[in-house]
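Student: Pasted the sequence and its predicted model underneath.
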Amino acid sequence: LRLYSASPLFNGGDSKIEELADWKRTDGTPFINQTPDPTRWGKAAAAFKRIIDMNKYTLNTVAKTTSSSGTGTLELPNTSDPNLKTKAFPYGAMDIDPYKSYKTIFDGTLQPQNDKELIYCCQRSSVDDQFYFPPKQSGNSTFSVTQDMVDQYRMADGRQYSDATDAEKSWQPVGTGLTFSGDYTLDPDRARMHDNREPRFYASIGFNYCVWPATSYQGTDNSVKNLVATYYKDGTATGGTQDNTNLTGYTCRKYANQEDNLSWDSTNKTKYYPIFRYAEVLLGYVEAMNEMTAPYTDKSTGISVTRDPAQMVFYFNQIRYRAGLPGITLTDASNRDAMRDIIKQEWRVEFFNEDHRYYDLRRWLDAPSAYRRPIYGLDVSQKAVNREQFYSIRAWSTLASEKRVWNNRMFFFPIDQSVMDKNAKLVQNPGYK
């Protein structure tokens, strides 16, 4: 709440957004203070620091594994960050398996009482899973992830995907398979553009030629287990009609366990949805600290905070190292504007499909530009024989659901008229009548 209160939407608004500037109570006072209050960032930072100082929560990590069959933890990349491969977590990642450390938070491997990262959670309904899984496993693959989102995942060595070489962005098949973290398999036919990406990409995204193991399946159809999902028009994960198939060539597998299969004769592990987890504390602390312009001391707790680049590096890099990526530097943390962009990207990737993005875009006032950008994806209208064309990136606006629009009233939902009728002093949210 304090982080949201400090954010631009609720802390100064934007004089260029008329709907927010003119939004006033019945007594004429603005709902949103029109002059930013920088101390709110200090209040937010102190609240996050209080949780950190409890020493009750940590990021979930799984120990590094080795295997004689070559299916152990992936080798960490060579980068300019010497700590990544030489120091134990939280100062590096040499002793953890980044893929499983992230994946097991969401896929039912852990129960909440055994996960010290979860602060507040609820049992997750399995209803959404049908939109992720391929038809052979009783799903329909209709949950479609945008190319913009996929491109936010970095290369394994920490480079932005936009900085990858043309060869690394190629549609050509890699040609060799790979299994890591014990059971995650990369099919030889995967495109080079989906190779050598950061572990969170493989933990979160279902892509063309992604393998869905469904190891709990007990039936006789040999094509169900270890299904290689393809999103061509004639692919194995295609629903058959335009409104019952994947629309971008990508889906979500963040909440899918390797054992899961939705069929009646299989099992689907119980999952817990993280409403609030420790990674949010760390990233919120760094964001609040980055925006601070003066030291702040919380009178009730005595906690003092200031914009300290060294602390920003330490706490931010815990998230990076857990993901198997190189950390940021003091130079990065010392540049407020550059660090703001780094933080926003980390919110987007670390909390993919955890119900943060919708609200983050609004609180940062980034929603107008984000929602006026078309939806991009692969060309799923192509059949498998047209592989190269399938991997071309195109804007999609075929269906009504693909046509993005933005109106400034979308910063808030309307208040139901039945509620407005009960109290004449209530003021409708801006842009609604």
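Tutor: Structure received.

Student: from here on, contacts and neighbour counts on C-alpha atoms
Tutor: Noted.

Student: From residue 224, how far off is the spatially most central residue of the chain?
Tutor: Nearest residue to the geometric centre of the chain (CA atoms, centre = their mean): residue 352, 1.7 Å. As judged by CA to CA, to the nearest Å, residue 352 and residue 224 stand 27 Å apart.

Student: hmm, back to that, secondary structure class for the residue nearest to the centre of the chain?
Tutor: coil (DSSP: H, G, I helix; E, B strand; the rest coil).

Student: Next one: it from residue 122, what distance?
Tutor: According to CA to CA, residue 352 and residue 122 sit 17 Å apart.

Student: Check residue 334 too.
Tutor: Distance from residue 334 to residue 122, counting by CA to CA: 38 Å.

Student: What of residue 201?
Tutor: For residue 201, the distance to residue 122 - CA to CA - is 24 Å.

Student: ditto for residue 163
Tutor: Applying CA to CA, the value for residue 163 to residue 122 is 39 Å.

Student: same deal with residue 18?
Tutor: Using CA to CA, residue 18 is found at 39 Å from residue 122.

Student: Contacts only, for residue 142.
Tutor: Residue 142 sits next to 131-132, 239, 244-247, 251 when contact means CA atoms under 8 Å, 6 or more residues apart in numbering.

Student: which stretches of the protein aren't confidently modelled?
Tutor: Judged by pLDDT under 70, the chain has its weakly predicted residues at 239-243.

Student: How about the secondary structure of residue 377?
Tutor: strand.

Student: For the spatially closest residue to residue 9 that is not a sequence neighbour, grab the count of nearby residues.
Tutor: Excluding the flanking residues, the one nearest residue 9 by CA to CA, 6 or more residues apart in numbering is residue 363, at 4.7 Å. When neighbours are defined as other CA atoms under 10 Å, residue 363 has 21 of them.

Student: again, but for residue 106
Tutor: Neighbour count for residue 106, taken as other CA under 10 Å: 22.

Student: Next: residue 179.
Tutor: Residues near residue 179, counting by other CA under 10 Å, number 16.

Student: Show me the helices in the stretch 51-200 of the chain, by range?
Tutor: Listed in chain order, the helices found in the stretch 51-200 of the chain under DSSP state H, counting those that start in this stretch are 83-86, 98-103, 147-150, 199-204.

Student: Tell me which residues are up against the last one.
Tutor: In this case it means helix 199-204. Residues from elsewhere that reach helix 199-204, judged by CA under 8 Å, 6+ apart: 98-100, 102-103, 150, 153, 156, 252-255, 323-324, 349-350, 352.

Student: What of the third one?
Tutor: When contacts are defined by CA under 8 Å, 6+ apart, helix 147-150 is touched by residues 201, 205, 248, 250, 348-349, 375-378, 393.

Student: so which of those residues comes closest to residue 230?
Tutor: residue 250 (9.5 Å; CA to CA).

Student: So that closest one versus residue 408, what's the distance?
Tutor: Taken as CA to CA, the span from residue 250 to residue 408 is 29 Å.

Student: and what of residue 244?
Tutor: On the measure of CA to CA, residue 244 and residue 408 end up 31 Å apart.

Student: swap in residue 21?
Tutor: Distance from residue 21 to residue 408, counting by CA to CA: 12 Å.

Student: the more surrounded of these two?
Tutor: Taking neighbours as other CA under 10 Å, residue 21 and residue 408 compare with residue 21 leading, 18 against 14.

Student: Was I right to think that one contacts residue 13?
Tutor: Yes - between residue 21 and residue 13 there is a contact under CA atoms under 8 Å: 7.0 Å.

Student: what is in contact with the two at once?
Tutor: 32, 34.

Student: tell me how far the ends of stretch 184-194 are from each other?
Tutor: In stretch 184-194, first residue to last residue: 14 Å (CA to CA).

Student: And for stretch 365-382?
Tutor: Termini of stretch 365-382 sit 37 Å apart (CA to CA).

Student: got the contact list for that stretch?
Tutor: 8-9, 145-148, 231-233, 246-250, 361, 389-397, 402-408, 411.

Student: rerun at 7 Å
Tutor: 8-9, 146-148, 231-233, 247-249, 361, 389-396, 402, 404-406 (CA atoms under 7 Å, 6 or more residues apart in numbering).

Student: on that earlier part again, can you pick out the residue with more neighbours from residue 201 and residue 122?
Tutor: For residue 201 versus residue 122, the count of surrounding residues by other CA under 10 Å is larger for residue 201: 27 against 12.

Student: Please report how far that one lies from residue 164.
Tutor: 15 Å.

Student: Check the offset of the helix or strand containing residue 359 from the chain's centre.
Tutor: If you go by DSSP states H and E, residue 359 is part of helix 357-363. Distance of helix 357-363 from the chain centroid (CA atoms, centre = their mean, to the nearest Å) equals 13 Å.

Student: What residues of the helix or strand that it is followed by count as buried?
Tutor: Moving toward the C-terminus from helix 357-363, the next helix or strand (DSSP H and E) is helix 367-371. Within helix 367-371, the residues scored as buried using 16 or more other CA atoms under 10 Å are 367-368.

Student: From the chain's centroid, how far away is helix 367-371?
Tutor: 18 Å.

Student: same check, this time on stretch 47-58
Tutor: 22 Å.

Student: which residues sit against it?
Tutor: The contact list for stretch 47-58 (CA under 7 Å, 6+ apart) reads 116-117, 278, 281, 285.
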